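In: Structure for this input, please:
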Amino acid sequence: MTDTTIGAPVEPDHEVNKNDKLVILASSVGTVIEWYDFYLYGSLAAIITVQFFSGVNETTGYIFALMAFAAGFAVRPFGAVVFGRLGDLWGRKNTFLVTMLLMGLSTFVVGLLPPYAAIGIAAPIILVLMRLIQGLALGGEYGGAATYVAEHAPQGKRGFYTSFIQITATAGLVLSLIVILGVRLAVGEEAFAEWGWRVPFLVSILLLGVSLWIRLKLSESPSFKRMKAEGKGSKTPLKDSFGKWPNLKLVLIALLGLTAGQAVIWYTGQFYALFFLERVLKVDATLVYILLTIALLAASPFFIFWGWLSDKVGRKPIILAGCLIAAITYFPLFNALTEAANPRLAAAAASAPITVYADPADCNVQFDPVGKTVFNHSCDLAKSYLAKAGVTYTNLEAPAGTVAEVRIGDQAVIPSFRGDAMPAAEFGDAKKAWDAELGAALTAAGYPAKADSALVNKPMVVAILFILGFYVTMVYGPIAAALVEMFPTNIRYTSMSLPYHIGNGWFGGFLPTTAFAIVAATGNIYSGLWYPIIVAVGTVVLGFLLVKEGKDVDLNA
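Out: Model prediction:
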C-alpha cells in the first residue's frame, strides 16, 4: 500500500516530487512562526526597556534590554547541541515539533508577564528566562528544518529548495513588524505603550496551533529513514561531531569561513538598520517599520534567486561576494541613510561638528551592572547627553584636572560641571539646568531633537534598506545548502547546527549590543559598523582559503 503522508518516501519517484512543495511549505511555515516569535522582542526593545527595566537608569536599562535580546542568541548554540543530538538520534520531524512548542509557549508567557512596577526584579528575571528558552528552541529548529528540506531535495536543486527555509527569517521579521504596526495603528501609541505591545506576543499562541497542525502532517526525511534502515546511524553524534578532529575541523571552517560573516551581514541589514534609524537618527518608530517592511518585502524574492543560482555556480562564491561587497559599502550606505532619514542632523553635523574636550581620567565606561550608579563626572555628563541625543562627536584630550566642555563648531562652548563634587540634593537641579543649556545650544546650532517625518526622503531610505537587505539575501540564501553539504547524514543535524548558531547567535546576535557600545565609547554614530566589517572580511579570507564547494555532493553517499 502506498504511503501518502507528506514527506514519506513512496514509489514511483514522480510521486515523491509531487509532495516536494508540501514538504517545503510545511517546514517553512513553522519556521516563519518561530522567527516571528523570536523577533518580536528585538522589534519592541524600547518598550520592553520601560516595562521590565524601569528600576534602573535609562542608559543601563536599554543596554540591559539589548543584552536580554542577545541572551536568546547566546544560548542558541546550546540548543543546537541538545536538539541536534536528538535530531540525529530521534529524527528530524519529532525534534522540530518539540522546539516549536517551546518557542510558542515562551512567547505567550512574555505577553502575560507583569511589568517591573508590579512584581519588581522577578519581571526581568522571568523575561530573560523566556528569552533563554526561545534561544534554545530556535537553536534546534533551524537545523532540523534545513536538514529536513535538503534531504528531500533532488540532486542539483538543494540550494533552490532550502532557500525557502532561508526566506523564513526575513518573513518572520516582516510578519512581526506588520503585526506590531497594525496593533499600533489600531489602539494608538499611548495604549500600545501601556498594554497593546502584549497583543503580538499573545497572538503567537494561535500561530503555534496552526503551525503544529501543519507540522504533524510531515513524515521523517528519506535520508534519515534510509540511514536507520541500513544501521548507519550514530549512537554518539556529539562525540562524532566535535570529538573527532576531521569533523571538528569542518565545523570550525563552517563557522569562520561561512556563518560568522553571513551572520553579521544579516543582522546589520535588518536589526542594526532598524536600531540605527529609530534610536540613533530618531526617526518615528511607525515610519521606520513601514519603510523597513517595504524594503524587506522587495528584497525577499532574492533569497530564492541566490539559492537557485547557487545550484548553478556554487554556494561559496555568492556568500563570500556578498560579505565583501557589504563590507566595502557599509560606511557610504549608512552615511547616505543619515542624509536621507534625518537631513537636519546631517547638516548640523557638517556645519557645527561637536568636540568633547575632557581629561580622559574624568571619563568612565557608562555601564553599571547594578543600574544604580550616577555618572556625575564632568566628562560623563557631556558624553551621556550626546549619546542619548544621537549626536556624533570627537574626543579631544584636555590637561589633567580640566572640567569637560562641549564645543559646538565655532558657535558655542558649553562647560560641564563637577557633579561628583556636589551634594546629591544640588546635583539634580544642576544637571537639569545644564541639560537644558546644552539642549538649547544644540538646537541653536541646528541639531534636531528628533527626525522630522515630513523631511524624510522615504524613497531613498527604502532604496538604501533594500540594498542592505539585498546583501542579506546573497549571504543567507545559499547558506543552508552549503552547511548541509559539509557533513554526513548520521551527524548532519548536530554538526551543521552548531556553527550556524554560534555564527548567528554569537557573532550576529551580539551585534546590536557590541555596535552600540563602540558608538558610545567613540562618539561616532558610524563606528559600530567596524564590527560587522571586520568579521565579514575575516570570513572572506578564511572562506576563500578553506571552504570547499559542495553543490555536487551526494547527501546519501
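In: contacts, neighbours, all on C-alpha from now
Out: Will do.
In: residue ranges with poor pLDDT in the stretch 351-500 of the chain?
Out: 365-374 (pLDDT under 70).
In: need the strands for it, in chain order.
Out: Per DSSP state E, counting those that start in this stretch, the stretch 351-500 of the chain carries strands over the ranges 354-358, 393-397, 405-408, 412-415.
In: Could you export these as CSV, including mean neighbour count and distance to G156?
Out: Listed next are the strands of the stretch 351-500 of the chain as CSV, based on neighbours: other C-alpha atoms under 10 Å; distance: least, C-alpha to C-alpha, whole Å:
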stretch, mean neighbour count, distance to G156
strand 354-358, 23, 56
strand 393-397, 16, 53
strand 405-408, 22, 60
strand 412-415, 17, 66
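In: so which of these comes closest to P423?
Out: strand 412-415 (19.3 Å; C-alpha to C-alpha).
In: correct me, but Y161 touches V149?
Out: Yes: contact criterion C-alpha atoms under 8 Å: Y161 and V149 qualify, at 6.8 Å.
In: Name the residues contacting each of these two.
Out: I24 (C-alpha atoms under 8 Å, 6 or more residues apart in numbering).
In: Packing partners of whatever helix or strand G79 lives in?
Out: According to DSSP states H and E, G79 maps onto helix 76-90. Identification of packing neighbours for helix 76-90 by 3 or more C-alpha pairs under 8 Å, 6 or more residues apart in numbering; DSSP states H and E yields helix 92-112, helix 122-152, helix 237-242, helix 492-502.
In: got any ranges where the stretch 201-350 of the chain has weak pLDDT?
Out: If you take pLDDT under 70 as the line, the stretch 201-350 of the chain has these spans: 218, 220-225, 228-234.
In: what would the strands of the stretch 351-500 of the chain look like in CSV with distance to G523?
Out: Formatted as CSV, the strands of the stretch 351-500 of the chain follow (distance: least, C-alpha to C-alpha, whole Å):
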stretch, distance to G523
strand 354-358, 9
strand 393-397, 5
strand 405-408, 12
strand 412-415, 17
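In: do you know which of those lies nearest I33?
Out: strand 393-397 (41.4 Å).
In: list the helices and strands that closest one packs on?
Out: Secondary elements touching strand 393-397 (3+ C-alpha pairs under 8 Å, 6+ apart): strand 354-358.
In: ok, back up a step: now the helix holding G79: buried residues?
Out: 76-89 (16 or more other C-alpha atoms under 10 Å).
In: May I ask which helix or strand encompasses D311?
Out: helix 301-313.
In: Run through the neighbouring helices and strands of that helix.
Out: Using 3+ C-alpha pairs under 8 Å, 6+ apart, helix 301-313 sits against helix 158-187, helix 458-476.
In: which stretch among these comes nearest V29?
Out: Judging those by C-alpha to C-alpha, what sits closest to V29 is helix 158-187, at 7.6 Å.
In: got the angle for the closest one vs helix 122-152?
Out: 150 degrees (axes from the mean of the first three to the mean of the last three C-alpha atoms, to 10 degrees).
In: Can you flag the weakest of the helices and strands packed on helix 76-90 by average pLDDT?
Out: Least confident of the helices and strands packed on helix 76-90, judged by mean pLDDT, is helix 237-242 with a mean of 74.
In: following it, which helix or strand shows up next?
Out: Taking DSSP H and E, what comes next after helix 237-242 is helix 245-254.
In: Off-centre distance for that following helix?
Out: Centre-to-centre, helix 245-254 and its host chain are 25 Å apart (C-alpha atoms, centre = their mean, to the nearest Å).
In: Quick check: which element contains V210?
Out: Element membership for V210 (DSSP H and E) is helix 198-215.
In: typo on my end, R344
Out: helix 343-351.
In: Not counting residues beside it along the chain, what's closest to the residue nearest the centre of the chain?
Out: Closest residue to the average C-alpha location of the chain: Y267 at 4.4 Å, with C-alpha atoms, centre = their mean. Closest residue to Y267 apart from its sequence neighbours, by C-alpha to C-alpha, 6 or more residues apart in numbering: G508 at 5.8 Å.
In: and of the helices and strands packed on helix 76-90, who's closest to K383?
Out: Per C-alpha to C-alpha, nearest to K383 of the helices and strands packed on helix 76-90: helix 122-152, 27.5 Å.
In: buried ones in that closest one?
Out: Taking 16+ other C-alpha under 10 Å as the criterion, helix 122-152 shows 123-124, 126-152 as buried.
In: Quick one, grab the pLDDT at the residue nearest to R131 when sequence neighbours are not counted.
Out: Distances taken as C-alpha to C-alpha, 6+ apart place G72 nearest to R131, at 4.8 Å, with adjacent residues excluded. If you check G72, the pLDDT there is 73.
In: what's G72 in contact with, if anything?
Out: So G72 contacts 131-136, 505 (C-alpha under 8 Å, 6+ apart).
In: Can you get me a residue count around A191?
Out: 13 (other C-alpha atoms under 10 Å).
In: Look at it and give its secondary structure.
Out: helix (DSSP: H, G, I helix; E, B strand; the rest coil).
In: residues in contact with R315?
Out: R315 touches 159, 478-479, 481-482, 549-551, counting by C-alpha under 8 Å, 6+ apart.
In: Show the buried residues in those.
Out: 159, 478-479, 481-482, 550-551.
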